[in-house]
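**Student:** Fold the following, please.
(one chain, ligands or ions: 2)
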Amino acid sequence: MCRHICAATMWVPAATSRSLPCLQPASLGVQLRAYRRLSGLWPHVAAQPVAADSSQRRCLVYLAASSALTLGRHAERVRCTLLRRRRRLGGEFSTARAATLGVATLGREAAAALDEDLMSTPGFSIDQLMELAGLSVASAVLEAFPPKGSRRALLVCGPGNNGGDGLVAARHLWHFGYTPVVVYPVRPARQLFTNLVVQCEQLGIPVLTGMPTSEEVTEGFDVAVDAIFGFSFKGTPRAPFDSILKTLRASSVKLVSVDIPSGWDVELGDVSGEGLRPDALVSLTAPKPCAADFSGRHFLGGRFVPPGIAEKYGLRLPPYPGAAQVVEL
Ligand SMILES: NC(=O)C1=CN([C@@H]2O[C@H](COP(=O)(O)OP(=O)(O)OC[C@H]3O[C@@H](n4cnc5c(N)ncnc54)[C@H](OP(=O)(O)O)[C@@H]3O)[C@@H](O)[C@H]2O)[C@@H](O)CC1
Ligand SMILES: [K+]
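**Tutor:** Ligands and ions are numbered 1, 2, ... in the order given. Below is the predicted model of the structure:
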């Protein structure tokens with residue numbers, strides 16, 4: 001019995017798709033044959049213009065296989081092919097609006113290297129960067145979902161620095177007048193994170209280990225922040241985050257993702273099909289390639305990049321208005 005094993009999506013600007021004949025609906029046969037050659041399987045392919053942005057075209061690829069063993073192998077092979085193709089196309093995989101602003105994207109390795117550069121050359125500490133990142137997130141929440149009556153905010157924080165951004169955002173949201181609740185199931189022992197938890201608790205912000213149910217999230221909160229995984233996420237989500245992602249997906253709360261919608265591959269997007277579908281995204285420093293698949297409100301935050309580093313990584317960052325911590329792309 002065949003079942004779908006891999007859903008890969010690609011969004012390409014119309015101009016790019018003209019130079020990529022295999023993504024033209026008219027030549028989907030070529031695409032099908034290419035994947036058959038690559039994986040030994042017949043994929044089901046559908047390509048359609050994107051509703052949110054007619055200048056882009058999306059190509060959805062589903063592969064079918066009969067065993068879990070072949071699943072991983074074939075999905076990985078196709079993932080690598082898509083990745084190579086995306087890398088060849090480079091910065092063209094920014095959203096249409098980001099492309100208008102001339103903002104380039106930062107892949108996983110480049111994002112990590114840029115972080116290293118920030119912390120070595122100009123000598124930023126991680127605490128400083130995280131503080132500004134979390135402040136950007138809180139500012140984007142305020143801008144995207146200004147409080148109407150109640151101001152209940154849920155912040156779901158993961159085990160890495162993305163989770164730290166969420167803890168900082170919780171504190172700033174409290175100062176902005178929200179009533180935050182933090183879910184922090186896996187807590188690193190590092191002083192940085194224990195300090196951030198104490199700072200939240202000093203404000204009376206509950207920091208919970210367990211995740212509420214999807215009904216409780218829908219009923220109990222006006223907005224939720226996904227600070228679960230950032231650019232170091234790999235593979236498929238492990239427990240307890242697998243079920244947390246399902247809970248967030250099942251709820252209808254307004255969702256803001258920090259840097260990357262959790263569960264998405266930083267470069268390829270929601271390849272597993274199990275990632276979150278946020279209403280707003282706050283890219284930090286620069287959008288990551290997966291942001292090309294995102295069609296909600298997109299903010300850029302992390303207003304701390306010195307011109308030398310921006311130049312080194314080919315970032316053409318848009319001007320931030322006034323004292324704003326975020327700029328909408
Ligand atoms: N300059 C900037 O832009 C700044 C960026 N900042 C922020 O940092 C973020 C990057 O932070 P990061 O490197 O700590 O990685 P992040 O993704 O949070 O988590 C890694 C953790 O997840 C885990 N994990 C991985 N895969 C998993 C899986 N499948 N299932 C389960 N767990 C999995 C992994 O565990 P491991 O696999 O190592 O055991 C590890 O514990 C970035 O996106 C931005 O938000 C700011 O704070 C500072 C300035
Ligand atoms: K996230």
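**Student:** how close does the residue nearest to residue 267 when sequence neighbours are not counted get to residue 170?
**Tutor:** Excluding the flanking residues, the one nearest residue 267 by C-beta to C-beta, 6 or more residues apart in numbering is residue 289, at 4.6 Å. Where you see a C-beta, it was placed from the backbone N, CA and C, and this is true even at glycine. Distance, residue 289 to residue 170, using C-beta to C-beta, to the nearest Å: 28 Å.
**Student:** neighbour count winner among the two?
**Tutor:** Using other C-beta atoms under 10 Å as the criterion, residue 289 and residue 170 rank with residue 170 on top: 31 against 27.
**Student:** I'd say residue 232 and residue 158 touch.
**Tutor:** No. The pair residue 232 / residue 158 is not scored as a contact, 9.8 Å apart, by C-beta atoms under 8 Å.
**Student:** the more surrounded of those two?
**Tutor:** Comparing residue 232 with residue 158 by other C-beta under 10 Å, the one with more neighbours is residue 158, at 26 against 15.
**Student:** what pLDDT does that one get?
**Tutor:** Listed pLDDT for residue 158 reads 98.
**Student:** ok, now which ones touch it?
**Tutor:** Neighbouring residues of residue 158 by C-beta atoms under 8 Å, 6 or more residues apart in numbering: 166, 186, 227, 228, 229, 230, 241, 262.
**Student:** 6 Å instead, please
**Tutor:** Contacts for residue 158 (C-beta atoms under 6 Å, 6 or more residues apart in numbering) come out as 228, 229.
**Student:** for it, phi and psi?
**Tutor:** phi -90, psi -170 (degrees, to the nearest 10).
**Student:** And for the one 5 residues further on?
**Tutor:** Summarising the backbone geometry of residue 163 under the convention degrees, to the nearest 10, its torsions are phi -60, psi -40.
**Student:** With residue 270 instead?
**Tutor:** Dihedral angles (degrees, to the nearest 10) for residue 270: phi -80, psi 70.
**Student:** and what of residue 255?
**Tutor:** phi -120, psi 130.
**Student:** With the one 10 residues further on instead?
**Tutor:** Main-chain torsions, residue 265, degrees, to the nearest 10: phi -70, psi 130.
**Student:** Give me the spatial nearest neighbour of it, chain neighbours excluded.
**Tutor:** Closest to residue 265 by C-beta to C-beta, 6+ apart is residue 271, at 5.0 Å.
**Student:** count of residues packed around residue 219?
**Tutor:** 13.
**Student:** same thing with residue 121?
**Tutor:** 12.
**Student:** what's the helix or strand harbouring residue 109 in contact with?
**Tutor:** In the assignment (DSSP states H and E), residue 109 maps to helix 108-120. If you take C-beta under 6 Å, 6+ apart as the criterion, helix 108-120 is touched by 124, 231, 266, 309, 313.
**Student:** Let me see the confidence value for the residue in the stretch 101-250 of the chain positioned nearest to ligand 2.
**Tutor:** Here the stretch 101-250 of the chain gets closest to ligand 2 at one residue, residue 226, 4.6 Å apart by C-beta to the ion. The per-residue pLDDT reported for residue 226 equals 98.
**Student:** Next, count neighbours for it.
**Tutor:** 30.
**Student:** related to what we said a few turns ago, now, among the contacts of helix 108-120, which is nearest to ligand 1?
**Tutor:** Ranked by distance to ligand 1 (C-beta to the nearest ligand atom), these are led by residue 231 at 4.1 Å.
**Student:** So the closest one is in contact with residue 266, correct?
**Tutor:** Yes. Between residue 231 and residue 266 there is a contact at 4.9 Å, judged by C-beta atoms under 6 Å.
**Student:** anything in the helix holding residue 109 near ligand 1?
**Tutor:** Yes. Using C-beta under 6 Å from any ligand atom, helix 108-120 reaches ligand 1 at 115, 118.
**Student:** Helix or strand next in line after that helix, which one?
**Tutor:** helix 126-144.
**Student:** any idea of the mean pLDDT in that following helix?
**Tutor:** Helix 126-144 comes out at a mean pLDDT of 97.
**Student:** for stretch 280-290, same thing?
**Tutor:** 95.
**Student:** Which residues outside that stretch are in contact with it?
**Tutor:** Against stretch 280-290 from outside (C-beta under 6 Å, 6+ apart): 93, 98, 105-107, 133, 137, 140, 144, 256-260, 264, 266-267, 269, 291, 294, 296-302, 305, 315.
**Student:** Quick one: the strands in the stretch 51-200 of the chain, in order.
**Tutor:** Secondary structure of the stretch 51-200 of the chain (DSSP state E, counting those that start in this stretch): strands located at 56-65, 152-157, 179-183.
**Student:** mean confidence for the first one?
**Tutor:** Same thing as strand 56-65. Averaged across strand 56-65, the pLDDT comes to 39.
**Student:** The shortest one too?
**Tutor:** Mean per-residue pLDDT for strand 179-183: 98.
**Student:** Strand 152-157 and that strand, what's the angle between them?
**Tutor:** 30 degrees (axes from the mean of the first three to the mean of the last three C-alpha atoms, to 10 degrees).
**Student:** just checking, what packs against strand 179-183?
**Tutor:** strand 152-157, helix 161-175 (3 or more C-beta pairs under 6 Å, 6 or more residues apart in numbering; DSSP states H and E).
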